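Asks: dropping a prediction and its sequence here:
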Amino acid sequence: MNAGLDDIDRKIIAILQADGRRAYSQIAEDLGIPASSVRYRVQRLEDNGVLQIVGIANPLTIGFNHLAMIGMRVRAGTAQDVCRALRELPETSYVIVTAGHYDVMVEVICRDTEHFTDLVTRRMHLIDGVVSTDSFFVLEVHKLAYGWGVGAVDAAETARLDAAGGEDHRGMDQRGQR
């Protein structure tokens with residue numbers, strides 16, 4: 001855990017992971033601190049790259065029907081450069097260097113088979129350093145969670161969030177089902 005985070009930072013992160021649109025004034029009330037402190041802390045967390053607040057669209061509901069994980073083997077010493085190139089592709093949502101059979105793993109979201117084929121064969125395979133790829137199409141999503149890393153909001157806090165209109169999306173699949 002990041003040594004620069006205190007308990008209040010962790011609670012703010014956990015609350016925002018449960019409901020990213022929760023008002024700073026509501027967070028402040030829940031934590032018993034001034035809203036200006038919440039605003040300052042959130043800004044500091046964002047500036048330090050600890051926290052990013054974004055709207056996450058369900059790709060399956062907006063016309064992107066092909067989700068895949070791609071395992072890549074790359075030439076020795078090129079993993080960082082390959083990852084830099086991959087993260088620039090709009091279809092990539094997750095790019096990591098790994099230890100094991102694959103050097104790099106990439107999650108991609110495409111409209112259809114033609115889009116996926118173009119991405120892999122005409123763009124990814126041409127990245128300098130890429131030796132081979134193995135594709136794994138996602139057939140079902142059983143868990144898609146973003147609430148990790150800082151500890152859970154306690155049961156009382158979750159009840160307060162739910163009562164105030166904050167929804168708990170942990171454990172939902174891409175279709176919004178548990």
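Replies: That came through, no problem. Numbering: from 1, shown residues only.
Asks: which intervals of this structure have sub-threshold pLDDT?
Replies: Scanning the chain for pLDDT under 70 picks out 1-3, 145-178.
Asks: outline the domain layout of it.
Replies: 1-54, 59-137 (automatic domain parsing).
Asks: and of the ones you listed, who's closest to residue 144?
Replies: Of all the domains of the chain, domain 59-137 sits nearest to residue 144, with 10.4 Å by CB to CB. Glycine gets a C-beta too; all of them are placed from N, C-alpha and C.
Asks: now the closest one, how far from the chain's geometric center?
Replies: 16 Å (CA atoms, centre = their mean, to the nearest Å).
Asks: same thing with stretch 127-139?
Replies: Distance of stretch 127-139 from the chain centroid (CA atoms, centre = their mean) equals 20 Å.
Asks: residues touching it, excluding its own?
Replies: For stretch 127-139, contacts defined as CB atoms under 8 Å, 6 or more residues apart in numbering pick out 66-75, 78-79, 81-82, 85-86, 102, 116, 120, 124-125.
Asks: repeat the analysis, applying 10 Å as the threshold.
Replies: 60, 66-86, 88-89, 101-109, 113, 116, 120-121, 124-125, 174 (CB atoms under 10 Å, 6 or more residues apart in numbering).
Asks: hmm, back to that, adding mean neighbour count, write the domains of the chain out as CSV.
Replies: Listed next are these as CSV, based on neighbours: other CB atoms under 10 Å:
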stretch, mean neighbour count
domain 1-54, 15
domain 59-137, 15
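Asks: okay if I get the ones you listed as JSON lines plus distance to residue 144?
Replies: Listed next are those as JSON lines, based on distance: least, CB to CB, whole Å:
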{"stretch": "domain 1-54", "distance to residue 144": "13"}
{"stretch": "domain 59-137", "distance to residue 144": "10"}
